[in-house]
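Trainee: predicted model, plus sequence, below.
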Amino acid sequence: MEDVANILVRSIFIDNLFIAYFLGLCSYMAVSKSVKVAVGLGLTVTFTLGISASVCHLLGQYLLGRGTLTWLSKDLEGIDLTPLSLIFFWAVVILVVKVAEMLQERYLPALHALLKKFVPLTAVSCAILGGTLFMQEQALQTLPEVAALGFGSGLGWLLTVVSLAAIRERITYSDIPKPLQGLGITFIVAGLMGIAFLFFIKIRL
């Protein structure tokens, strides 16, 4: 249980997808203009990452790895479908995003109307796919560990995008030099946020 908690905390604060790996930068710039949109999409990303990473882990355990097909037949012991992981993982991400969109449309119509043009972007977000591939790279063995990584990565994405959106809403009323208005000041703020997150790495050390 301690390992699961460590993975969750690390994925939120230390191995943050945006701060540590600069993944999902395009969607950050697109949705961080409004806190409401950032919160809604951040929750969608958290759901998508948590479910996708868990499903991809099960695929790796029972379908994609060498010898994982022995539950079907002993003759399939030598088959290794690992090179197809990227294709399978992306298919899972697209499916989960579609499910999330359908659930929003059915049960949260107001949220769906707000995020309608942004949710499909998560299907091709490098942050989503990156989170699932990190699960494979770190060779996590149990489903709770993988779920902690997935949901933690999503919560880390939510934390940073909402923080950036809140700052951007505030600085719209500030006297920003004209050459820095728009994306210029946004990149500066994002860089300062990255420096701030170094505090958590210092604590780990």
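Mentor: Ah, there it is.

Trainee: which residues touch the nearest residue to Ala147 once chain neighbours are set aside?
Mentor: The shortest distance from Ala147 to any non-neighbouring residue, by CB to CB, 6 or more residues apart in numbering, is to Ser54 (5.1 Å). Every residue, glycine included, has its C-beta placed from N, CA and C. With contacts defined as CB atoms under 8 Å, 6 or more residues apart in numbering, the neighbours of Ser54 are Leu143, Val146, Ala147, Gly150.

Trainee: for this protein, which segments count as helices?
Mentor: Assigned by DSSP state H, the chain shows helices spanning 2-9, 25-31, 35-59, 85-107, 109-115, 119-122, 126-137, 143-171, 183-204.

Trainee: what's the angle from the first one to helix 143-171?
Mentor: Interaxial angle, helix 2-9 versus helix 143-171 (axes from the mean of the first three to the mean of the last three CA atoms, to 10 degrees): 20 degrees.

Trainee: mind starting the numbering at 14 from now?
Mentor: Renumbered: residue one is now 14, and that last one reads helix 15-22.

Trainee: other residues contacting helix 15-22?
Mentor: Looking at what lies outside helix 15-22 - CB under 8 Å, 6+ apart - the contacts are Leu153, Pro157, Glu158, Ala161, Leu162, Phe164, Gly165.

Trainee: now, the most widely separated pair of these?
Mentor: The distance between the two most remote of the contacts of helix 15-22 (CB to CB) is 13.1 Å, for Leu153 and Phe164.

Trainee: where does the prediction get shaky in this protein?
Mentor: Along the chain, the parts satisfying pLDDT under 70 run over 14-15, 214-218.

Trainee: contact partners for the residue lying closest to Leu171 once chain neighbours are set aside?
Mentor: Of all residues not flanking Leu171 in the chain, Gly55 sits nearest, at 3.1 Å (CB to CB, 6+ apart). Gly55 sits next to Gly167, Trp170, Leu171, Leu172, Val174, Val175 when contact means CB under 8 Å, 6+ apart.

Trainee: can you check Leu82 too?
Mentor: Per CB under 8 Å, 6+ apart, neighbours of Leu82: Leu76, Leu89, Glu90, Ile92, Leu94.

Trainee: columns distance to Arg119 and neighbour count on top of those, output as TSV?
Mentor: Listed next are the contacts of Leu82 as TSV, based on distance: CB to CB, whole Å; neighbours: other CB atoms under 10 Å:
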residue	distance to Arg119	neighbour count
Leu76	30	16
Leu89	39	12
Glu90	43	12
Ile92	39	16
Leu94	34	16
